[in-house]
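>>> Here is my input; please provide its structure:
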Amino acid sequence: MQDDTTFSLTGASRLNGSGGVNGQKFGSRDANDRGARRHLEGDVEGAKAEYLSALELDSGNATAHNNLGFLLSQEGQLDKAIAHYQLALEIDPQKSMAMANMGLVEGAQGNDKAAVEWLRRAVGANTGNVLAWDNLSRLLLKMGRLTEAEAAARTALEAAPHEGRFYLTLGLAVAGQQRLTEAVEIFKRTVHLDPNSANSWEQLGVVLWLRQDLGSAADALRRAVTLDSQSVSARYHLALVLLTRGEHEAAVKELESVLAIEPGHAAAQLDLAVLSVSQGDAAGALDRLEVILHSDPENPRALFYRAVALDQSQRTSEATELLQALADAGKGKYSQRAHVYLEERSGRHS
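Model (predicted):
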């Protein structure tokens, strides 16, 4: 898996009407239901007006508070959203959706521990709240709590066994625990259920790559790129698979496509620089490495290959100084490689 993979949390609430009685409460319920329909249709202002109307008719309509809070959170008005979720929970202390939405707000603010607590409260109040289980599993996955994420994803799947995105989370949690064969089968299930999910095809490709099934990995990643030609992650993973297979020309095309989409993609820039070094194109490598080291001057891999490119360019003293500094640092893979390079070069020149 990519280290920087990011697992985004979506809104936990399915907009719904609460039960009501005659008179104003009945009118409040109807207004909330109209708001929910408008909300789902994308009419945000219309939905907001209906939710406010529902609360004017019955300030004790917990579902309207919850739905208005969810709408406000979508607009980025998190403090106002929290206020409505709190009101919903004062009215109905066991309202699972409001608890789940509180968890999402905490997560959006970077308070992952509090978010987990709210989501656990949500599933405790209603074990059938599938979306809360889903959000809990993805948050735990993001936090690296893989066994807990797996358990939450499996619980979500018990209630919704045909939901492809739940399998995606489960597969990521299982793969993160290095159970790669099992993860492959889970991702195959995911793409069967949702064959148009570029992310699912990408994750299948990555796990196949980790298992050294390079042909199948390339096929899966090409499918991901076909489904989402702008996916930097899928293209970059495909390039890595192609490099592993020795298909350098095809890999270069993918890496250049990555940079066309995201010019600041340092890893793709560095891989192209390394390929330039391996092909004896020292000038091209130095140009790429200058871009990388401008933004990340201590990058040990970039520094090592800059030294090699300098050596190829007959700028021996500069190369030696840089290699010696890396070797003297005495830590990491490229410190060791610099030490070996200097020893081998000394042997060639003795």
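
>>> which element is residue 225 on?
Assigned by DSSP states H and E, residue 225 belongs to helix 214-227.

>>> Who are the packing partners of that helix?
Applying 3 or more CB pairs under 8 Å, 6 or more residues apart in numbering; DSSP states H and E, we find helix 214-227 packed against helix 198-210, helix 232-244. Just so you know, the C-beta spots here come from the backbone N, C-alpha and C atoms, and that holds for glycine as well.

>>> For the last one, name the packing helices and strands.
Spelled out, that is helix 232-244. helix 198-210, helix 214-227, helix 248-261, helix 266-278.

>>> which stretches of the stretch 51-200 of the chain form helices?
Here the stretch 51-200 of the chain has its helices, by DSSP state H, counting those that start in this stretch, at 62-74, 78-91, 96-108, 112-125, 130-142, 146-159, 164-176, 180-193, 198-210.

>>> before we move on, what about the stretch 251-350 of the chain?
Under DSSP H, counting those that start in this stretch, the stretch 251-350 of the chain gives helices at 266-278, 282-295, 300-312, 316-329, 333-349.

>>> Give me whichever of these is most buried.
helix 300-312 (a mean of 22; mean count of other CB atoms under 10 Å).

>>> Could you tell me which ranges of this structure sit under the pLDDT cut-off?
Where the chain drops to pLDDT under 70, the residues are 1-24, 348-350.

>>> before we move on, the earlier item: okay, the helices and strands packed on helix 232-244 in JSON lines with distance to residue 127 next?
Listed next are the helices and strands packed on helix 232-244 as JSON lines, based on distance: least, CB to CB, whole Å:
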{"stretch": "helix 198-210", "distance to residue 127": "27"}
{"stretch": "helix 214-227", "distance to residue 127": "35"}
{"stretch": "helix 248-261", "distance to residue 127": "43"}
{"stretch": "helix 266-278", "distance to residue 127": "42"}
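
>>> Please identify the most buried of those helices.
The highest mean neighbour count among those, using mean count of other CB under 10 Å, belongs to helix 198-210: a mean of 25.

>>> Output the contacting helices and strands for that helix.
When contacts are defined as 3+ CB pairs under 8 Å, 6+ apart, helix 198-210 sits against helix 164-176, helix 180-193, helix 214-227, helix 232-244.

>>> residues in contact with residue 274?
When contacts are counted by CB atoms under 8 Å, 6 or more residues apart in numbering, residue 274 is found next to 285, 301, 305.

>>> from memory the second one sits against residue 271, does it?
What that stands for is residue 301. No: counting by CB atoms under 8 Å, residue 301 sits too far from residue 271 to count as a contact (9.8 Å).

>>> ok so, going back, I'd like the helices of the stretch 51-200 of the chain as a markdown table, with distance to residue 331 appended.
Output for these, formatted as a markdown table (distance: least, CB to CB, whole Å):
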| stretch | distance to residue 331 |
| --- | --- |
| helix 62-74 | 45 |
| helix 78-91 | 42 |
| helix 96-108 | 35 |
| helix 112-125 | 31 |
| helix 130-142 | 29 |
| helix 146-159 | 28 |
| helix 164-176 | 27 |
| helix 180-193 | 30 |
| helix 198-210 | 27 |
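
>>> Tell me the one among the contacts of residue 274 nearest to residue 38.
Among these, residue 301 lies closest to residue 38 (CB to CB), at 52.8 Å.

>>> circling back: quick check: which of the helices and strands packed on helix 232-244 is nearest to residue 73?
The nearest among the helices and strands packed on helix 232-244, by CB to CB, is helix 198-210 at 23.7 Å.

>>> got the CA coordinates for that closest one in PDB?
Output of helix 198-210 as PDB, limited to C-alpha atoms (Å, rounded to 0.1, in the frame of the first residue of the first chain):
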ATOM      1  CA  ALA A 198     -10.900   2.700 -10.100                       C
ATOM      2  CA  ASN A 199      -9.700   2.600  -6.500                       C
ATOM      3  CA  SER A 200     -10.700  -1.000  -6.000                       C
ATOM      4  CA  TRP A 201      -8.800  -2.100  -9.200                       C
ATOM      5  CA  GLU A 202      -5.800  -0.100  -8.000                       C
ATOM      6  CA  GLN A 203      -5.700  -1.700  -4.600                       C
ATOM      7  CA  LEU A 204      -6.100  -5.200  -6.200                       C
ATOM      8  CA  GLY A 205      -3.100  -4.300  -8.400                       C
ATOM      9  CA  VAL A 206      -1.000  -3.100  -5.600                       C
ATOM     10  CA  VAL A 207      -1.500  -6.300  -3.500                       C
ATOM     11  CA  LEU A 208      -0.900  -8.400  -6.600                       C
ATOM     12  CA  TRP A 209       2.400  -6.500  -7.100                       C
ATOM     13  CA  LEU A 210       3.400  -7.100  -3.500                       C
END
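
>>> Contacts for it, please.
1-2, 164, 168, 171-172, 175, 180, 183-184, 187-188, 190-191, 194, 214, 216-221, 223-225, 227-228, 231, 233-234, 237-238, 240-241, 244.

>>> how close does residue 233 sit to residue 215?
Per CB to CB, to the nearest Å, residue 233 is found 20 Å from residue 215.

>>> Equivalent analysis for residue 256, please.
Counting by CB to CB, the separation of residue 256 from residue 215 is 23 Å.

>>> Alpha carbons of stretch 336-350, in CSV - could you do that?
Written as CSV, here are the backbone C-alpha positions of stretch 336-350 (Å, rounded to 0.1, in the frame of the first residue of the first chain):
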residue,chain,number,x,y,z
GLN,A,336,25.7,2.5,3.3
ARG,A,337,25.4,2.7,-0.5
ALA,A,338,27.6,5.9,-0.6
HIS,A,339,30.2,4.0,1.5
VAL,A,340,30.2,1.0,-0.9
TYR,A,341,30.3,3.3,-4.0
LEU,A,342,33.4,5.1,-2.6
GLU,A,343,35.1,1.8,-1.9
GLU,A,344,34.4,0.4,-5.3
ARG,A,345,35.5,3.6,-7.0
SER,A,346,38.7,3.6,-5.0
GLY,A,347,39.3,0.0,-6.1
ARG,A,348,38.8,0.8,-9.8
HIS,A,349,41.3,3.7,-9.5
SER,A,350,44.0,1.9,-7.5
